[in-house]
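K.L.:
for reference, the sequence and a predicted model appear below.
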Amino acid sequence: MSIAALNSANLNAGQKVAVKYFTVAMVLFFAQCLFGMLAGLQYLQPDFLYNVLDFNVNRMVHINAMVVWMLFGFIGSVYWLVEDESGTELVGAKLANVNFWILTLAVTVVVLVYLFVQTGPGTKETIWFINEGREYIEAPRWADFGIVACVLIFFYNVAATFMKGKWSGISGVLVLDLVALAGLYLAGMFYTTNISMDQHWWWWVIHLWVEATWEVLVGCIMAWGLMKTLGARRKIVTTWLYIEVALMFGSGILGLGHHYFWIGTPEYWFTIGGFFSALEPIPLVAMVVHAVYDSGTHNFRNSNHPALAWLIAHAFGNFFGAGVWGFMHTLPQINLYTHGTQWTASHGHLAFFGAYATIIIAMIYIAVQKWRGDVWMSGDLADKGWKWKWSLGLLNVGVVGMTVALLISGYEQSFVERALEGSTWGGYFSAQTQPWFIQGMHWRMLFGWVTTAGVVLLLWDLATIGKKETRRAIDPTVTPATT
Amino acid sequence: MADTPWWASEDVWRKWAIWVTAFMAVVLIFLTFDTVAKITAGGERVPGYDVINKRIFYTFNADRNMQEPVIGGDAPLFGKMLSAGEAEELVNLGKLTVQAKNCMNCHTLLGNGAYYAPDLTKAWLDPAWGAESVREQLMVSFLMDPATNARTYGTGRRMPQLDITEDEAKGIVAFLKWMSSIDTNGFPKGFTPIRQEESS
């Protein structure tokens, strides 16, 4: 067997499951872009697919594909590292496989129903079987139960493996975080007539996932990734992880209040939400310092250049996308004008990409390397590694371009619709037809093409990188002899 | 290594991580009890569903320095006074329909959702309906046949045909009327409501 062929014999049981999750994640990443492009195009050509595949369907598939591919990426990442980190075999490899197929099948059915049934009558049955109609967690109720069951099986597998093997700082944080992550989903699994109550609990799921538990989860992956690629010392990454957890939960839990300004909730959330959410960028700065400093102390000598590049992209993307772009409109005095405008779309694009897409891509590069038999992925790659470098560049330029374009449209919208025209429907449409708004939508579309090109190149690279390689990966923990 | 200062100690930061997380979680739980009590329908911030029997205004309160909903005199929806139970049933049908038709992936409700179509928080009070006397019927007709009744204001964006029945449309109107009575701390800002008769 040549060293560079994809060969599952190179993987442990957890990793064999992980690569399945990663594969589906990448298919859904492509689907996310595709449906994002359709929805973006409908801003420019509103008659395109009217009454066939309307904006609400495209947008729902766009954001749901994202949530699901990120969850698949996280589950894959945890399965990838669980045996390494616990020093023992996965307790339920078969269970993990069955679980993967059930979850994938369920996701497929949900998406097909989204596309071909789309909506239903105003009954509970629609919410149970077609579409819950709540942004990000549109999955019908039957699928909610399926998701919870699958996540519990995943959790059992991970926690039991650590219990059988050994615990570490990283695994301790990881397992506790998974408890919170799974538990929080339950807050979104009920129906109420009261829209204020609905959105109050809906934010428990969305915010406490995205701005708390997901952030800590990627903190764990980052800690492990820096050890793996750079050979960073465990004591250092673990200490950083604890600092980040303290700062992240210290700011992010009550930072939930920045979603409670305008939904009927009491005025004290202005102060609490504004103050704590303004602190949320601090742990993200810490992450940048952590990643860059660790890389510098190792002179950037690492076993996997694409993975480390994406880890660094994660550190900066998380800070700018979630941190800076979030901070820009988190204070209620500003949010009053920006809430529900393209500002949010701008923030959403950079934050989800910067904080989550990047680090999952880094993990997949680590996976591909081992899948091919621990091949060389440092400098001097075949074809100068143009594919990974160009896809890194195209994806980052594409997403930053969309972010800036949407922000310009958002500025215009908050000035014209909110500040000048008093937020009526007339004001809304007046803002939507301003040339500056429309220009932003055109630029967003252009950068959407750039992003999609980046995804296609990324998928091609992941399928081929290291294929002709004959060298073994470097061991980053061994300092090269000086000449 | 024995001289590790406290700020570089793994042990110190683990304890900080645990205590800070626990403290913040406890504070959030306390605040949640208070908030849930205050946003339960029938309270001051979120009125009961039978508010759809009343006229709803949106006026500036100088003390709070923001606009707020004010409940006026009788103005039964579709000309029929409803009991609390009937009103809840109608608003509930509207809320179910809003979810079932996936409105939130074009519109925003209370500012949350997608940005392809206008915010619905104060849709009931929007001057776009022209006059108070025709508002209810215009809303029902529009919801039942948005393609024919489309008003795109030069954007070309039309609401899709969602097969909304007359009952569902009336439910949605009731839901929108009730939602406009929620105290949203002055969001959306500077809103100019439709002209309405003074309450009796």
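P.N.:
Yes, it's here.
K.L.:
what's the pLDDT at A:P46?
P.N.:
pLDDT for A:P46: 97.
K.L.:
and the closest residue to A:W376 other than its chain neighbours, how many neighbours?
P.N.:
The shortest distance from A:W376 to any non-neighbouring residue, by Cβ to Cβ, 6 or more residues apart in numbering or on different chains, is to A:R471 (3.8 Å). C-beta here means a position set from N, CA and C on the backbone, and glycine is covered the same way. With neighbours defined by other Cβ atoms under 10 Å in any protein chain shown, the count for A:R471 comes to 14.
K.L.:
tell me the contacts of A:G454?
P.N.:
Taking Cβ atoms under 8 Å, 6 or more residues apart in numbering or on different chains as the criterion, A:G454 is in contact with A:W390, A:S391, A:L392, A:G393, A:L394, A:L395, A:N396, A:V397, A:G398.
K.L.:
looks like A:E85 contacts A:G172 (just checking).
P.N.:
No - using Cβ atoms under 8 Å, A:E85 is not in contact with A:G172; the gap is 10.5 Å.
K.L.:
neighbour count: the two, which is higher?
P.N.:
The neighbour count for A:E85 versus A:G172, taken as other Cβ under 10 Å, is higher for A:E85 (23 against 17).
K.L.:
what helices or strands is the helix or strand hosting A:V404 leaning on?
P.N.:
Taking DSSP states H and E as the definition, A:V404 sits inside helix A:386-413. Contact partners of helix A:386-413 among helices and strands, from 3 or more Cβ pairs under 8 Å, 6 or more residues apart in numbering or on different chains; DSSP states H and E: helix A:305-317, helix A:342-352, helix A:425-432, helix A:435-464.
K.L.:
that helix versus helix A:305-317: what angle between them?
P.N.:
Interaxial angle of helix A:386-413 relative to helix A:305-317 (axes from the mean of the first three to the mean of the last three Cα atoms, to 10 degrees): 10 degrees.
K.L.:
now helix A:386-413: buried residues?
P.N.:
Within helix A:386-413, the residues scored as buried using 16 or more other Cβ atoms under 10 Å in any protein chain shown are A:387-389, A:391-392, A:394-396, A:398-413.
K.L.:
contact partners for residue 186?
P.N.:
If you meant another chain, say so; for now it's chain A. A:L186 sits next to A:V148 when contact means Cβ under 8 Å, 6+ apart.
K.L.:
hmm, no, I was thinking of chain B.
P.N.:
With contacts defined as Cβ under 8 Å, 6+ apart, the neighbours of B:G186 are A:L336, B:R64, B:N65, B:M66, B:Q67, B:E68.
K.L.:
just the ones of these in helices?
P.N.:
Secondary structure assignment (DSSP state H) places A:L336 from those within helices.
K.L.:
list the contacts for residue 55?
P.N.:
Chain wasn't specified; assuming chain A. Going by Cβ under 8 Å, 6+ apart, A:F55 touches A:A39, A:Q42, B:N105, B:C106, B:A114, B:Y116, B:R157.
K.L.:
switch to chain B, please.
P.N.:
Applying Cβ under 8 Å, 6+ apart, the residues near B:R55 are B:I71, B:G72, B:G73, B:D74, B:A75, B:Q196, B:E197, B:S199.
K.L.:
state the pLDDT value of it.
P.N.:
What the model reports for B:R55 is a pLDDT of 96.
K.L.:
equivalent analysis for the one 5 residues further on, please.
P.N.:
B:F60 is assigned 96 on the pLDDT scale.
K.L.:
and the closest residue to it other than its chain neighbours, how many neighbours does it have?
P.N.:
Spatial nearest neighbour of B:F60, chain neighbours left out: B:Q67 (5.2 Å); criterion: Cβ to Cβ, 6+ apart. Using other Cβ under 10 Å, B:Q67 has 24 other residues around it.
K.L.:
and what of the one 5 residues further on?
P.N.:
Using other Cβ under 10 Å as the criterion, B:G72 is surrounded by 15 other residues.
K.L.:
helix or strand next in line after the helix or strand containing it, which one?
P.N.:
If you go by DSSP H and E, B:G72 is part of strand B:66-74. Next in sequence after strand B:66-74, counting helices and strands by DSSP H and E, comes helix B:84-100.
K.L.:
for that following helix, C-alpha coordinates in PDB please.
P.N.:
Coordinates of each C-alpha in helix B:84-100 appear next as PDB, following Å, rounded to 0.1, in the frame of the first residue of the first chain:
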ATOM      1  CA  ALA B  84     -60.600  35.900  26.200                       C
ATOM      2  CA  GLY B  85     -60.600  32.200  25.100                       C
ATOM      3  CA  GLU B  86     -61.900  33.000  21.600                       C
ATOM      4  CA  ALA B  87     -59.300  35.700  21.200                       C
ATOM      5  CA  GLU B  88     -56.500  33.400  22.300                       C
ATOM      6  CA  GLU B  89     -57.700  30.700  19.900                       C
ATOM      7  CA  LEU B  90     -57.700  33.200  17.000                       C
ATOM      8  CA  VAL B  91     -54.200  34.600  17.800                       C
ATOM      9  CA  ASN B  92     -52.900  31.100  18.300                       C
ATOM     10  CA  LEU B  93     -54.200  30.100  14.800                       C
ATOM     11  CA  GLY B  94     -52.300  33.200  13.500                       C
ATOM     12  CA  LYS B  95     -49.100  32.300  15.300                       C
ATOM     13  CA  LEU B  96     -49.300  28.700  14.100                       C
ATOM     14  CA  THR B  97     -49.800  29.900  10.500                       C
ATOM     15  CA  VAL B  98     -46.900  32.400  10.800                       C
ATOM     16  CA  GLN B  99     -44.700  29.400  11.700                       C
ATOM     17  CA  ALA B 100     -46.200  27.000   9.300                       C
END
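K.L.:
hmm, who's touching that helix?
P.N.:
Contact with helix B:84-100 is made by A:119-124, A:126-127, A:130-134, A:191, A:193, A:195, A:198, B:48-53, B:77, B:82, B:104, B:109, B:164, B:167-168, B:170-176, B:178, as judged by Cβ under 8 Å, 6+ apart.
K.L.:
now, which of those lie within helices?
P.N.:
Short answer: the contacts of helix B:84-100 in helices (DSSP H) are A:124, A:126-127, A:195, A:198, B:167-168, B:170-176, B:178.
K.L.:
which member of these is positioned nearest B:V27?
P.N.:
Nearest to B:V27 among those is A:D198, at 23.2 Å by Cβ to Cβ.
K.L.:
got the residues of the stretch 101-250 of chain A near chain B?
P.N.:
By Cβ under 8 Å from any Cβ of the partner chain, the residues of the stretch 101-250 of chain A that approach chain B are A:118-124, A:126-127, A:130-135, A:138, A:169, A:173, A:191, A:193-200, A:202, A:235, A:238-239, A:242-243, A:245-246, A:249-250.
K.L.:
mean confidence for the host helix or strand of A:L217?
P.N.:
For A:L217, the element it lies in under DSSP H and E is helix A:214-230. For helix A:214-230, mean pLDDT rounds to 96.
K.L.:
and the helix or strand following that helix, average pLDDT?
P.N.:
Next helix or strand after helix A:214-230 toward the C-terminus (DSSP H and E): helix A:234-255. Taken as a whole, helix A:234-255 has a mean pLDDT of 96.
K.L.:
and the angle from helix A:234-255 to helix A:214-230?
P.N.:
Using the same axes, to 10 degrees: helix A:234-255 against helix A:214-230 is 160 degrees.
K.L.:
which helices and strands sit right next to helix A:234-255?
P.N.:
helix A:169-185, helix A:195-208, helix A:214-230, helix A:268-279, helix A:281-297, helix B:10-39.
K.L.:
would TSV of those with distance to A:A362 be doable?
P.N.:
Output for those, formatted as TSV (distance: least, Cβ to Cβ, whole Å):
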stretch	distance to A:A362
helix A:169-185	16
helix A:195-208	24
helix A:214-230	6
helix A:268-279	27
helix A:281-297	11
helix B:10-39	24
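K.L.:
worst mean pLDDT among the ones you listed?
P.N.:
helix A:281-297 (a mean of 91).
K.L.:
from the chain's centroid, how far away is it?
P.N.:
Put simply, helix A:281-297 sits 19 Å off its chain's centre (Cα atoms, centre = their mean, to the nearest Å).
K.L.:
that one vs chain B: in contact?
P.N.:
No - on the criterion Cβ under 8 Å from any Cβ, helix A:281-297 is out of touch with chain B, staying 11.1 Å away.
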